[in-house]
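Q: My questions concern the predicted model and sequence given below.
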Amino acid sequence: MSIEPITPYLLTGIDLVLRWLHVIVGISWVGSSFYFMWLDARLNVPPKNPQSDNVAGDLWALHGGGFYHSQKYQIAPGAIPTPLYRFKWEAYTTGLSGIALLAFVYYLNADLYLVSRDAGLLNPGTAIAASIVLIIAAWPIYHVLCVSIATERLFAIVGTALVAATAWLVAQLFTGRGAFMQLGAMLGMLMVANVFFIIMPAQRAMLASMRTGSTPDASLGSRAKRRSVHNNYLTLPVVLCMFSPHYPLLYGLANNWLVLAMLMVAGGFARHYFNLRNAGRRTVAPLAVSLLIVAASVAAIGYSAESGKGGAEAVTYREFKSIIDRRCRTCHSVAPTFPGTVVAPAGVTLDNAADFRRWASRIQERVVVSHTMPNNNVTGITDDERRRVAAWFSSGMQAD
């Protein structure tokens, strides 16, 4: 067997392994972040009979088939306990696997997933360079803001505005799908950088102080905790970007950057609700704000989708099928002809009238409303052809 037929299967296997690894380690990192935020919020009441004056709080928990007892110290115990478990590889592996996946899917296929044919601002090389520069620049800018702004409320306002501006910028530079993934990669690597540059060095410095018999600097722990809290609030926005490729109506419309920014803010408010609840503050205001923003986002998606529709005269089945054959069937067929495509993506075949009726809602969503198919308009479908596709569906989907 020649190497050419093997290549699509090999690429699919690599994609699967990278994506699976990224999801597994990402779940581990997010899970530990959620758990330790909950644990820290609960360890804020001094124990009734402390074993040490340095204990700030303790907690009993029942999980599975056992009881667990956790304690938090004011700064540190008198001696370094053995064994001492630290959490870092979840973050590092998530970051490394995420960058590998970004490069494999979006950089190796930049002309398809990253370069916007409509904007025409970048070629594949400059698009990849711009993506890398933005990812590298994200953490230094964020770090300067952290050092410059002491109050969390002001930091949240400035940070949110900066994220929204970045969402607009990447939406101008890249495809909608690429823009969502780019912003997710920037925030995700910012989180990894927090662990690498702030949290882990602070922990090493505290351990070094204990080894010399001196009291660790409490400010190191406070600074590390602040970055850990920031990471916690960024988890839901980053996860949103991770699964956004499955929702073309999120990234395919004209106001996609605004919808992305709004949903990220909604995720932050949702996380704030749970963090307050973990600390014993039972207020539903943050959750209500989150739900209102989600509702507004859905309304914005619907408005943009409806305003993007255009009318067209009656279209015959033969005209409709001709458009589908030229613009869609290169991939979506039982025998695809597009290079590297072995089977129809998502199992969507468009070979006959029965197929058209079966996948009518998906065709209308991807071709007519969101304009996300053909992918990055690789086959060059025109706006008039999109209107004609819509017209055939509106006329009752009659075949000749």
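A: Thanks, I have the structure now.
Q: From what I see, Thr166 and Ala185 are in contact.
A: No: here Thr166 lies out of contact with Ala185, judged by C-beta atoms under 8 Å, at a distance of 11.6 Å. (Each C-beta comes from the backbone N, C-alpha and C, glycine too.)
Q: would His69 count as being in a strand?
A: Yes: judged by DSSP: H, G, I helix; E, B strand; the rest coil, His69 forms part of a strand.
Q: Residues in a beta bridge with it, which ones?
A: Trp60 (DSSP bridges).
Q: need the contact list for it.
A: Applying C-beta atoms under 8 Å, 6 or more residues apart in numbering to His69 gives the contacts Asp58, Leu59, Trp60, Ala61.
Q: How many residues are close by the last one?
A: Here the count is done by other C-beta atoms under 10 Å, and Ala61 has 11 residues near it.
Q: Just give the closest residue to it, not the sequence neighbours.
A: Tyr68 (4.6 Å; C-beta to C-beta, 6 or more residues apart in numbering).
Q: what comes up buried for the host helix or strand of Ala354?
A: In this assignment (DSSP states H and E), Ala354 forms part of helix 353-358. Using 16 or more other C-beta atoms under 10 Å as the test for burial, helix 353-358 gives Asp355, Phe356.
Q: so which of the contacts of His69 is the most crowded?
A: Using other C-beta under 10 Å as the neighbour criterion, Asp58 leads the contacts of His69 with 18 neighbours.
Q: Wait, that one touches Pro47, no?
A: Yes: between Asp58 and Pro47 there is a contact under C-beta under 8 Å: 4.3 Å.
Q: Need the overlap of contacts for those two.
A: Contact criterion C-beta under 8 Å, 6+ apart; residues shared by Asp58 and Pro47: Gln71.
Q: Quickly note the distance from the one residue sitting closest to the centre of the chain to Ala179.
A: Computing the C-alpha centroid of the chain and ranking residues by C-alpha atoms, centre = their mean puts Cys241 first, at 2.3 Å. Distance check for Cys241 against Ala179: by C-beta to C-beta, to the nearest Å, it reads 9 Å.
Q: Mutual contacts of those two, please.
A: Common neighbours of Cys241 and Ala179 (criterion: C-beta under 8 Å, 6+ apart): Leu260.
Q: The helix holding Ala354 packs against which elements?
A: helix 317-327 (3 or more C-beta pairs under 8 Å, 6 or more residues apart in numbering; DSSP states H and E).
Q: So if I had to pick from Thr166 and Ala185, which one is more boxed in?
A: The residue with more neighbours, out of Thr166 and Ala185, is Ala185; 25 against 21, by other C-beta under 10 Å.
Q: would the more buried one count as being in a helix?
A: Yes: assessed with three-state DSSP, Ala185 lies in a helix.
Q: Now do the contacts for it.
A: Counting by C-beta under 8 Å, 6+ apart, Ala185 touches Gly98, Ile99, Leu102, Ser131, Ile135, Cys241.
Q: What is the neighbour count of the first one?
A: Think Gly98. Applying other C-beta under 10 Å, we find 23 residues neighbouring Gly98.
Q: same deal with the third one?
A: Look at Leu102: counted by other C-beta under 10 Å, it has 24 neighbours.
Q: got it, and the one 5 residues further on?
A: When neighbours are defined as other C-beta under 10 Å, Tyr107 has 16 of them.
Q: confidence score at it?
A: Note on Tyr107: pLDDT of 97.
Q: What of the one 3 residues further on?
A: According to the prediction, Ala110 has pLDDT 94.
Q: With adjacent residues omitted, what lies nearest to it?
A: Using C-beta to C-beta, 6+ apart, the nearest residue to Ala110 is Pro124, at 3.8 Å.
Q: Quick one: residues contacting the residue lying closest to Ser370 once chain neighbours are set aside.
A: Once flanking residues are discounted, Ser370 sits nearest to Gly252: 3.0 Å by C-beta to C-beta, 6+ apart. Neighbouring residues of Gly252 by C-beta under 8 Å, 6+ apart: Gly176, Arg177, Arg366, Val369, Ser370, His371, Thr372.
Q: repeat that for 7 Å
A: The contact partners of Gly252, taken as C-beta atoms under 7 Å, 6 or more residues apart in numbering, are Gly176, Ser370, His371, Thr372.
Q: Help me confirm that the third one is found in a strand?
A: By that I understand His371. No: His371 sits outside any strand when classified using three-state DSSP, being coil.
Q: What's the separation between it and Thr382?
A: Counting by C-beta to C-beta, the gap from His371 to Thr382 is 11 Å.
Q: neighbour-wise, which of those two wins?
A: His371 (19 against 11).
Q: neighbour-wise, which of the contacts of Gly252 leads?
A: Gly176 (27 neighbours).
Q: thinking it is in contact with Leu258, fair?
A: No: assessed by C-beta atoms under 7 Å, Gly176 is found out of contact with Leu258, at 12.0 Å.
Q: ok, back up a step: surely the residue nearest to Ala61 touches Arg42?
A: No: under the criterion of C-beta under 7 Å, Tyr68 makes no contact with Arg42, lying 12.0 Å away.
Q: Which one of the two is surrounded by more residues?
A: For Tyr68 versus Arg42, neighbours defined as other C-beta under 10 Å are more numerous around Arg42 (17 against 10).
Q: How confident was the prediction at that one?
A: Note on Arg42: pLDDT of 91.
Q: what's the pLDDT at the nearest residue to it once chain neighbours are set aside?
A: Of all residues not flanking Arg42 in the chain, Leu59 sits nearest, at 5.1 Å (C-beta to C-beta, 6+ apart). Leu59 carries a pLDDT value of 91.
Q: which ones are touching Leu59?
A: Leu39, Arg42, Leu43, Ser70.
Q: neighbours around the last one, how many?
A: Put plainly, it is Ser70. Neighbours around Ser70, by other C-beta under 10 Å: 12.
Q: could I have the helix holding Ala354 exported to CSV, CA atoms only?
A: This file holds the C-alpha atoms of helix 353-358, laid out as CSV (Å, rounded to 0.1, in the frame of the first residue of the first chain):
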residue,chain,number,x,y,z
ALA,A,353,-32.8,14.4,-2.6
ALA,A,354,-33.2,12.1,0.4
ASP,A,355,-29.9,13.2,1.8
PHE,A,356,-30.9,16.9,1.3
ARG,A,357,-34.1,16.4,3.2
ARG,A,358,-32.4,14.4,6.0
